[in-house]
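1. no FASTA, just this:
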């Protein structure tokens, strides 16, 4: 299949108009993310099964026509392991493509493999061994090499062929609805879209802090997130997570303390020390009712034999269905279920019929 390199507005209009007529297109992106907060997109690939387009976002001043296609409810967008691609579209175009289909999820539902790489997927379905030669090449350089262009084009061409085989298998197994439901929730937890005020909640060690310590951590995490976005710099280049946790936990409040006890570099202290001292003072001065709630981490002991039995039942059901056990139920799902004595949110939907009711029946015997 030949490809068209799209670097002119008229070409983009034509490519989008053609793809908009297709019920399904495959999509991929090539990007760089070496020393930046956001992914820097270098190429966007589309294939409708008959034509392949390589869209150059560095040469095109306006990607609005492409945005219309990505938002169109009439065209299904097929990706493989789409989390980073969705992040690219969110940053470059301010949108999350919809509706989408992820071939990695489909492979897990079909029992082909869990968290399967694109190379393994293509080898399984098409018996083609892909070259990894261009995987780490520079997609922001111009001009792109002929090998880069061929590599990028084949990505979406092969993806379309894989999708066709998966759809046939999913329909035969009556599991297309499982994939549709799983894909509907993609794009919700994109790291670069989180509320800066919520970032501290997932920090390792945050659950061990009291409310006043937690308030300092919350303020520092929110500040770092905002600075990282403004400067388009990795979070840890501003100040790393361990340092922020140490400052909050140890009650540090001076620039000397930051450097001596929390391992901030002299450069970081010079650049950010004063503003951090001021923020910490304000955070510690807040009244009790303004402090965040402690992060609940239920560590109440669970019956290990019961938990082991639920895991065994889940594994047996996965084998019966021919799917990956990780897809059906994770350990934290089983723990949450035992503590609440009901199905957690993740075990609702298609999982309720596939595994949820089986687990509930087993739990009734405890």
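-> Yep, that arrived. What you see is a predicted model, and the numbers here were worked out from it, not measured in a lab.
2. what about the nearest residue to residue 346 once chain neighbours are set aside, neighbour count?
-> Once flanking residues are discounted, residue 346 sits nearest to residue 333: 5.4 Å by Cβ to Cβ, 6 or more residues apart in numbering. For every residue, glycine as well, the C-beta is placed using N, CA and C. The local packing of residue 333 (other Cβ atoms under 10 Å) involves 21 other residues.
3. Tell me the secondary structure at residue 78.
-> Secondary structure, DSSP: H, G, I helix; E, B strand; the rest coil: residue 78 is strand.
4. who does it bridge with?
-> Judged by DSSP bridges, the bridge partners of residue 78 are residue 26, residue 101.
5. In contact with it, which residues?
-> 24-27, 100-103, 159-160, 163 (Cβ atoms under 8 Å, 6 or more residues apart in numbering).
6. repeat for residue 262
-> Contacts of residue 262 by Cβ under 8 Å, 6+ apart are 243, 246-247, 250, 252.
7. Columns pLDDT on top of these, output as CSV?
-> Formatted as CSV, the contacts of residue 262 follow (pLDDT from 0 to 100):
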residue, pLDDT
243, 97
246, 97
247, 98
250, 97
252, 97
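8. Between these, which sits nearest residue 291?
-> If you rank the contacts of residue 262 by distance to residue 291 using Cβ to Cβ, residue 247 comes first, at 16.7 Å.
9. Spatially, what comes nearest to that closest one if we skip its sequence neighbours?
-> Residue 247 sits nearest to residue 262 (Cβ to Cβ, 6+ apart), 5.1 Å away.
10. Hmm, residue 124 is touching residue 113, no?
-> Yes. Applying Cβ atoms under 8 Å as the test, residue 124 and residue 113 come out as touching, 7.4 Å apart.
11. quick one: common contacting residues for those two?
-> In contact with both residue 124 and residue 113: residue 107, using Cβ under 8 Å, 6+ apart.
12. would you say residue 29 is within a strand?
-> Yes. The assignment for residue 29 is a strand, going by three-state DSSP.
13. Burial check on it, number of neighbours?
-> 24.
14. how far away is it from residue 84?
-> 8 Å (Cβ to Cβ, to the nearest Å).
15. Quick one: name whatever helix or strand follows the lengthiest helix in the chain.
-> For the chain, the helix with the greatest residue count under DSSP state H is helix 146-173. Using DSSP states H and E, the helix or strand that follows helix 146-173 towards the C-terminus is helix 176-184.
16. For that following helix, buried residues please.
-> Buried residues in helix 176-184, defined by neighbour count with 16 or more other Cβ atoms under 10 Å: 176, 178-180, 182-183.
17. of the residues you listed, closest to residue 44?
-> residue 183 (19.5 Å).
18. contacting residues around the closest one?
-> By Cβ under 8 Å, 6+ apart, the contact set of residue 183 is 99-102, 105.
19. Let's see that with 7 Å instead.
-> Neighbouring residues of residue 183 by Cβ atoms under 7 Å, 6 or more residues apart in numbering: 100-102, 105.
20. try residue 366
-> residue 306.
21. And it, how far from residue 300?
-> 16 Å.
22. likewise residue 201?
-> For residue 201, the distance to residue 300 - Cβ to Cβ - is 20 Å.
23. Where does pLDDT dip in the stretch 251-366 of the chain?
-> 297-299 (pLDDT under 70).
24. show me where it has strands.
-> With strands called from DSSP state E, counting those that start in this stretch, the stretch 251-366 of the chain shows none.
25. got the residue ranges for the helices in it?
-> 255-262, 266-284, 304-321, 325-328, 331-340, 350-351, 357-364 (DSSP state H, counting those that start in this stretch).
26. for the ones you listed, which one ends up most surrounded?
-> Among these, judged by mean count of other Cβ atoms under 10 Å, the one packed with the most neighbours on average is helix 350-351 (a mean of 20).
27. Which residue comes closest to residue 233 once chain neighbours are left out?
-> Per Cβ to Cβ, 6+ apart, closest to residue 233 is residue 37, 5.7 Å.
28. typo on my end, it should be residue 142
-> In space, and not counting its chain neighbours, residue 142 is closest to residue 58: 6.7 Å by Cβ to Cβ, 6+ apart.
29. What of residue 159?
-> Nearest one to residue 159, counting by Cβ to Cβ, 6+ apart, is residue 26 at 4.1 Å.
30. I figured that neighbour hits residue 154, correct?
-> No. Look at residue 26 against residue 154 with Cβ atoms under 7 Å: they stay out of range, at 11.2 Å.
31. of those two, who's got more company?
-> When neighbours are counted by other Cβ under 10 Å, residue 26 and residue 154 differ, and residue 26 comes out ahead with 27 against 20.
32. ok, now which ones touch the more buried one?
-> 47, 78, 156, 159-160, 163.
33. Can you add distance to residue 344 and pLDDT and give the residues you listed back as TSV?
-> Converted to TSV, these look like this (distance: Cβ to Cβ, whole Å; pLDDT from 0 to 100):
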residue	distance to residue 344	pLDDT
47	38	99
78	29	99
156	36	98
159	33	99
160	36	99
163	31	99
